[in-house]
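*Asks:* With the sequence up front, the predicted model follows.
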Amino acid sequence: MKVEQLYTGCLAEAAYYIESNGEAAIIDPLRETTPYILKATENGAKIKYVFLTHFHADFVSGHVDLAKKTGATIVFGPTAKAEFDFHEGTDNEEFKIGDITLKLLHTPGHTMESSSYVLIDEEGKQHCVFTGDALFIGDVGRPDLAVKSDLTQQDLAGHLYDSLRNKLMKLPDDIIIYPNHGAGSACGKNMSEETWDTLGHQKEVNYALRADMTKEEFIEEVLTGLVKPPQYFPKNAMMNKGINTSYADIIATGVVAHEPEAFEALAREKGAVILDTRHEQVFKDGFIPGSYNFNIDDNFAPWVGTLIENIDTPILFVADEGREEEVVTRLARVGYDNTIGYLKGGIEAWRESGRPVDSIVSISPEELKMKMIGKVNIVDVRKASEFYAERLDTDMVVNRPLDFIHENLAEYDKDQEYYLHCVGGYRSMIAASILKANGIDKVIDINGGFNAMKEKGLQMTEYVCPTTML
């Protein structure tokens with residue numbers, strides 16, 4: 001028997017490869033199918049099933065492509081409705097994979113079709129359970145993503161309480177919990193950095209599994225502090241119910257090189273957004289006017305999904321040489337399938353063609369400290385919870401989270417100068433690039449962000465974070 005967690009850090013997402021006696025199953029696959037097929041082929045196994053714990057909202061799954069290429073059966077839990085062929089599982093239904101068994105447990109709450117899968121090994125022992133977004137390490141799935149006219153988030157939270165108490169918490173304490181997400185995912189609010197644990201330990205440390213917790217207390221605690229989910233979540237959930245453009249076709253149309261003249265013309269004709277995926281401290285020294293900076297080496301896809309509001313918008317991009325396919329792949333993972341090419345030769349070719357290049361000033365914490373002798377506008381683009389936990393000790397700083405930058409544009413005065421920071425510089429450069437693209441030109445980045453300012457001794461103030469801003 002083989003159980004392998006395939007963790008993708010930039011999405012905080014875990015897919016799973018399960019194999020026994022020449023048969024394999026994949027749980028919650030990402031968009032690209034080749035890694036799963038290669039893994040099975042190398043092990044001499046045939047992929048028999050593709051199991052989905054629920055209709056994901058934070059990424060687009062590759063279940064339809066994978067089933068088409070392998071002949072595997074797609075399995076969802078009860079009440080699932082989709083445009084493709086799949087097996088609608090029933091509570092306690094068992095699926096054989098070689099010498100082992102996966103048993104479906106219907107665990108609604110995060111969504112109504114949400115299901116967990118218990119792996120029963122060759123000896124009949126309940127070895128592990130794949131909990132999807134029903135149970136995380138340190139947290140549970142948020143119950144506000146599948147709200148309908150006849151189903152409130154309180155209703156879903158109540159279902160989740162029942163699923164935990166009546167299904168998952170009745171499993172053996174030594175069973176291993178394998179969730180779909182870890183820290184950094186917006187599918188929960190308090191996930192651990194750990195990506196697996198035993199149920200017994202989770203009963204000791206996970207607030208949502210307290211033995212003395214009533215349903216009313218659970219509903220209140222699990223809903224407290226939830227912020228608005230990223231705008232791409234419902235779009236991804238709908239895509240996962242349908243048949244989408246194949247990953248191969250997305251790569252074929254997205255990884256296309258354009259000379260500067262053609263790149264510029266295409267951007268104009270298609271109304272394309274230009275993403276610059278280079279490191280923020282490289283981007284600042286020269287970029288195409290109007291382009292947005294999303295560094296590929298961080299939480300690239302979730303931030304694109306949060307801030308590029310039209311999921312169907314054509315996308316052109318600038319990338320470090322050799323990383324073009326990676327950019328298109330990461331965009332496709334969150335449903336941005338309309339990538340139409342990249343700038344051949346990068347920003348150097350753009351410069352050499354005589355086209356204009358913009359830049360953003362980046363200053364050190366020491367320089368900011370000198371500026372603060374006078375009156376300056378400092379914008380902290382971290383989340384409200386981060387801001388209220390600890391911030392610069394000055395009334396010159398305001399909190400305008402990057403998540404809501406499009407909603408907050410009116411709060412900026414085009415004649416004023418703004419000094420932007422986040423934790424380390426990633427989010428602040430995204431914010432600076434978006435502000436510049438919207439005509440707010442006087443933006444200055446604080447290099448190294450909050451961490452660097454604290455290290456250099458700038459005075460900080462600590463607050464107790466309001467629970468409404470978690």
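*Replies:* Yes, it's here.
*Asks:* What separation is there between I26 and I18?
*Replies:* Distance of I26 to I18, computed by CB to CB, to the nearest Å: 8 Å. Where you see a C-beta, it was placed from the backbone N, CA and C, and this is true even at glycine.
*Asks:* ok, those two, which is more surrounded?
*Replies:* I26 (31 against 26; other CB atoms under 10 Å).
*Asks:* How is S116 assigned, secondary-structure-wise?
*Replies:* For S116, the assignment made with DSSP: H, G, I helix; E, B strand; the rest coil gives strand.
*Asks:* bridging residues for it?
*Replies:* On the basis of DSSP bridges, S116 is bridged to L105.
*Asks:* was I right about it contacting T107?
*Replies:* Yes - the pair S116 and T107 qualifies as a contact (CB atoms under 8 Å) at a distance of 4.8 Å.
*Asks:* intersection of neighbour lists for these two?
*Replies:* T131, G132, A134, L135, K167, L168 (CB atoms under 8 Å, 6 or more residues apart in numbering).
*Asks:* ok, the last one - contacts?
*Replies:* Same thing as L168. Neighbouring residues of L168 by CB under 8 Å, 6+ apart: L105, T107, S116, V129, T131, A134, L135, L199.
*Asks:* let's see it at 10 Å
*Replies:* Contacts of L168 were listed using CB atoms under 10 Å, 6 or more residues apart in numbering, and they are 105, 107, 116, 118, 129, 131, 134-135, 140, 175, 177, 199, 202, 209.
*Asks:* can you check the fifth one too?
*Replies:* Taking CB under 10 Å, 6+ apart, we find K167 in contact with 91-92, 105-108, 115-116, 118, 129, 131, 134-135.
*Asks:* Tell me how the protein divides into domains.
*Replies:* If you go by automatic domain parsing, the domain ranges for the chain are 2-230, 245-352, 361-469.
*Asks:* before we move on, back to that, of S116 and T107, give the one with the bigger neighbour count.
*Replies:* With neighbours defined as other CB under 10 Å, S116 and T107 compare such that T107 has more, 31 against 26.
*Asks:* any idea how far the more buried one is from G242?
*Replies:* Counting by CB to CB - T107 and G242 are separated by 24 Å.
*Asks:* Could you do F51 as well?
*Replies:* 19 Å.
*Asks:* who's more crowded, those two?
*Replies:* Counted by other CB under 10 Å, F51 and G242 do not tie: F51 has more neighbours, with 28 against 11.
*Asks:* And what about F95, helix, strand or coil?
*Replies:* Of the three states, F95 takes strand according to three-state DSSP.
*Asks:* That one is in contact with I74, isn't it?
*Replies:* No - the pair F95 / I74 is not scored as a contact, 11.9 Å apart, by CB atoms under 10 Å.
*Asks:* list residues touching both of these two?
*Replies:* Counting by CB under 10 Å, 6+ apart, the shared contacts of F95 and I74 are Y49, F51, H87.
*Asks:* The helix or strand that contains the first one pairs with which strands, parallel or anti?
*Replies:* Using DSSP states H and E, Y49 falls within strand 46-51. As defined by DSSP bridges, the strand partners of strand 46-51 come to strand 23-27 (parallel), strand 73-76 (parallel).
*Asks:* After that strand, which helix or strand is next?
*Replies:* helix 63-70.
*Asks:* What lies in contact with that next one?
*Replies:* The contact list for helix 63-70, computed with CB under 10 Å, 6+ apart, reads 24, 26, 28-34, 36-37, 40-41, 46-52, 56, 62, 72-76, 82-86, 240, 242-248.
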